[in-house]
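Colleague: Whatever this is, show me its structure:
(2 chains)
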Amino acid sequence: AQSVAQPEDQVNVAEGNPLTVKCTYSVSGNPYLFWYVQYPNRGLQFLLKYITGDNLVKGSYGFEAEFNKSQTSFHLKKPSALVSDSALYFCAVRGPSGGSYIPTFGRGTSLIVHP
Amino acid sequence: ETGVTQTPRHLVMGMTNKKSLKCEQHLGHNAMYWYKQSAKKPLELMFVYSLEERVENNSVPSRFSPECPNSSHLFLHLHTLQPEDSALYLCASSQDGGQATDTQYFGPGTRLTVL
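Modeller: Modelled structure (predicted):
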């Protein structure tokens, strides 16, 4: 069975500082990894995904994520945080399930960026 | 906006009521999903439809009944719910639910409160 762990319920960072939101995964076979963001009273929005190739994936709004196979991690990063980045972030993995690929999400990490 | 709409946005119902949630996608996708989002818990996948056929049912109680009349519409019929069913119900769609690289697009959700 596949799983995703987001070890931090909340991450606090000052505006202008770099941010990291952590994610580790467990899946049989090749990992297909995703990050989504959820703003208040909205659904989840796709940020980026890792399928294959370069371990550093660039996505929307200046976010990037680094795939590390040996550590089974896919941490989300941004060089300089904005107050508007404050939101709930979800990591997800897609793995095989009965011939299909079903997504599994983590609990989410609340990012709070202070002015 | 993501191209996925959900109605109603808010719903309050008693335990003996029958109601339905509606989801519509305008993206030409072939797969649709229902998720339950509760505070401090991972996103729970409830149902997956691909080409209007159910391909995944994660042991959801029978008081939740999905319906997918065509690839653009998805319903969740509710009856005799319990207070613990109160949550945000999210609908999502994707191009091809069976592909590992498939990205999901989410609606804004229906906030359900069961009294």
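Colleague: Show me the shaky parts of the chain.
Modeller: Chain wasn't specified; assuming chain A. For chain A, the stretches with pLDDT under 70 are A:96-100.
Colleague: Wait, chain B was what I had in mind.
Modeller: Residues of chain B that meet the cut-off, pLDDT under 70, sit at B:1, B:97-98.
Colleague: In it, which residue is most central in space?
Modeller: For chain B, residue B:34 is the residue whose C-alpha lies nearest the centre (Cα atoms, centre = their mean; 2.6 Å).
Colleague: Can you tell me what sits against the host helix or strand of residue A:75?
Modeller: Per DSSP states H and E: residue A:75 is located in strand A:73-78. Residues from elsewhere that reach strand A:73-78 (Cβ atoms under 8 Å, 6 or more residues apart in numbering or on different chains): A:18-25, A:31, A:33, A:35, A:47, A:50, A:61-68, A:85, A:89, A:91. C-betas here are computed from N, CA, C, even on glycine.
Colleague: CA atoms only for that strand - export them in CSV, please.
Modeller: Output in CSV follows, covering the C-alpha atoms of strand A:73-78 (Å, rounded to 0.1, in the frame of the first residue of the first chain):
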residue,chain,number,x,y,z
SER,A,73,11.3,12.6,-0.1
PHE,A,74,9.7,15.3,-2.2
HIS,A,75,10.0,18.5,-0.3
LEU,A,76,8.4,21.7,-1.5
LYS,A,77,10.5,24.9,-1.5
LYS,A,78,10.4,28.5,-2.4
